[in-house]
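Asks: based on what follows, work out the 3D shape:
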Amino acid sequence: MKIQTCTWTSEALQGLQLDNTNQAPILDADQAQPMSPELDVWDAWPLADPSGNPVTWQDGELWFALAVARSDDPEQRHHLARIHHFHRTGDKFRHVGETMPEEISPGAREWSGSARLDNGIVTLFFTATGQKGDPQLSYEQRLFATKTEWQDEENPFAAWSTPTEIFTADGEIYRPADENEGVPGKIKAFRDPSHYRDRDGRDYVLFTGSSAGKPSTHDGLIGLAAAQEGGGYWLNHPLVEATQVNNELERPHIVEFGDALYLFWSTQRGVFAPGIAAPTGLYGATAKTLEGPWTLLNKTGLVVANPVERPTQAYSWWVLPDLTVASFVDYWGPEDPSVPELQSRRARFGGTFAPFLQLAIDGARTTLVKN
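Replies: Numbers count the residues shown, from 1 in each chain. Okay, here's the model as predicted:
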């Protein structure tokens with residue numbers, strides 16, 4: 001299968017405008033209250049069937065998210081992240097527990113992924129970050145999967161299998177993410193595995209990557225790997241490349257709607273190349289088939305932006321097949337220069353599930369549905 005890679009250009013982004021079709025509503029203090037007084041929560045995804053539809057569990061749904069104990073500095077969460085699971089009923093989430101035993105986790109911490117239920121088996125795809133026992137923090141990222149039997153009861157999982165690395169960066173198309181030092185937004189990526197099964201039953205994994213062929217400070221990719229009949233995955237060319245435009249096309253995933261595919265990803269304003277003024281938001285492209293050609297949604301790629309007044313209020317959007325959109329409450333409140341920085345970060349950080357949004361789609365045009 002030959003992929004017709006979509007090139008995201010600075011020229012496309014020059015036409016970007018924020019209006020009532022793409023700006024999320026401003027969150028108020030009540031909507032930013034933590035779902036748990038003990039946890040900061042971010043980067044959520046559902047347990048889904050192979051078509052991407054959330055699985056019914058306990059009169060609701062089962063969701064996963066990254067979580068850590070709440071601390072004075074919410075920025076430290078990236079260095080301690082573990083996958084937890086939650087019970088969703090309507091707009092409410094209840095913490096159930098930490099998902100994998102720490103002793104079988106292959107990294108120093110866990111970053112985002114996806115989860116599939118197929119014929120009674122749950123497969124959890126995730127990012128292992130750093131090496132267990134590392135004497136210092138590192139940003140190495142590897143892609144793993146683990147399986148368990150589904151138990152449709154209060155404890156939904158049997159014992160998890162030993163996680164296996166599903167594929168590695170080839171160094172030709174995709175750059176290995178093996179940096180020992182860095183800061184969020186500037187590190188290279190090989191993370192966020194997202195399962196996709198096409199209409200013919202073929203399995204793929206999308207992921208956030210960085211270019212090995214065109215390396216630069218801004219060389220983000222959305223990668224693709226195809227499952228092979230004999231086991232393992234084959235790395236294909238990227239679905240999207242953003243060389244000289246953006247460093248991180250995070251948490252890519254595909255939704256089938258109508259007769260088309262819709263590819264979505266999240267990115268932040270601070271990881272665009274200098275001179276590009278684009279907001280933190282949900283972006284996307286559409287195609288009739290996985291091979292492409294892919295067309296940017298709304299001509300620019302922008303689907304949902306944080307409101308101008310609250311440019312960092314939410315992040316990490318995940319679109320469901322019914323076009324509802326999950327995210328988490330990030331730095332939602334206005335900055336107060338009279339408050340010390342650390343205290344301000346804690347006061348402004350939500351660390352909880354954000355209210356769901358609703359999209360409408362017409363071909364390559366999307367609209368944010370307002371209540």
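
Asks: what about the helices in the stretch 201-350 of the chain?
Replies: 341-348 (DSSP state H, counting those that start in this stretch).

Asks: so who does the closest residue in space to residue 176 that isn't next to it in sequence touch?
Replies: Among residues not flanking residue 176 along the chain, residue 169 sits closest, at 4.2 Å (C-beta to C-beta, 6 or more residues apart in numbering). Any C-beta I mention is one placed from the backbone N, CA and C, and that applies to glycine too. Counting by C-beta atoms under 8 Å, 6 or more residues apart in numbering, residue 169 makes contact with 175-177, 190, 209, 212.

Asks: can you check residue 336 too?
Replies: Residue 336 neighbours (C-beta under 8 Å, 6+ apart): 344, 347.

Asks: distance of it from residue 265?
Replies: 32 Å (C-beta to C-beta, to the nearest Å).

Asks: leaving out the residues flanking it, which one is nearest to residue 9?
Replies: residue 245 (6.5 Å).

Asks: quick check: bridge partners of residue 164?
Replies: Going by DSSP bridges, residue 164 is paired in beta bridges with residue 145.

Asks: how far does the helix or strand bottoming out on mean pLDDT in the chain sit from its chain's centre?
Replies: Lowest on mean pLDDT, DSSP states H and E among the helices and strands of the chain sits helix 341-348, with a mean of 83. Relative to the mean C-alpha coordinate of its chain, helix 341-348 is positioned 24 Å out (C-alpha atoms, centre = their mean, to the nearest Å).

Asks: tell me the buried residues in it?
Replies: Across helix 341-348, burial judged by 16 or more other C-beta atoms under 10 Å covers 344-346, 348.

Asks: how about stretch 113-126?
Replies: 113-117, 122-126.

Asks: same check, this time on stretch 134-141
Replies: So for stretch 134-141, counting by 16+ other C-beta under 10 Å, buried means 138-141.

Asks: contacts for that stretch next, please.
Replies: 79, 107-108, 111, 127-131, 177-182, 187-191.

Asks: residue 342: what's it in contact with?
Replies: Contacts of residue 342 (C-beta under 8 Å, 6+ apart): 72-73.

Asks: and residue 132, by the same measure?
Replies: Taking C-beta under 8 Å, 6+ apart, one finds 105-108 in contact with residue 132.

Asks: any idea how far it is from residue 123?
Replies: For residue 132, the distance to residue 123 - C-beta to C-beta - is 22 Å.

Asks: and the contacts of residue 169, which are buried?
Replies: Buried among the contacts of residue 169 by 16+ other C-beta under 10 Å: 175-177, 190, 209, 212.

Asks: switch those over to CSV; also include pLDDT and distance to residue 314.
Replies: What follows is these, written out as CSV (pLDDT from 0 to 100; distance: C-beta to C-beta, whole Å):
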residue, pLDDT, distance to residue 314
175, 97, 29
176, 96, 31
177, 96, 25
190, 98, 25
209, 98, 24
212, 97, 32
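
Asks: I am finished for the moment; much appreciated.
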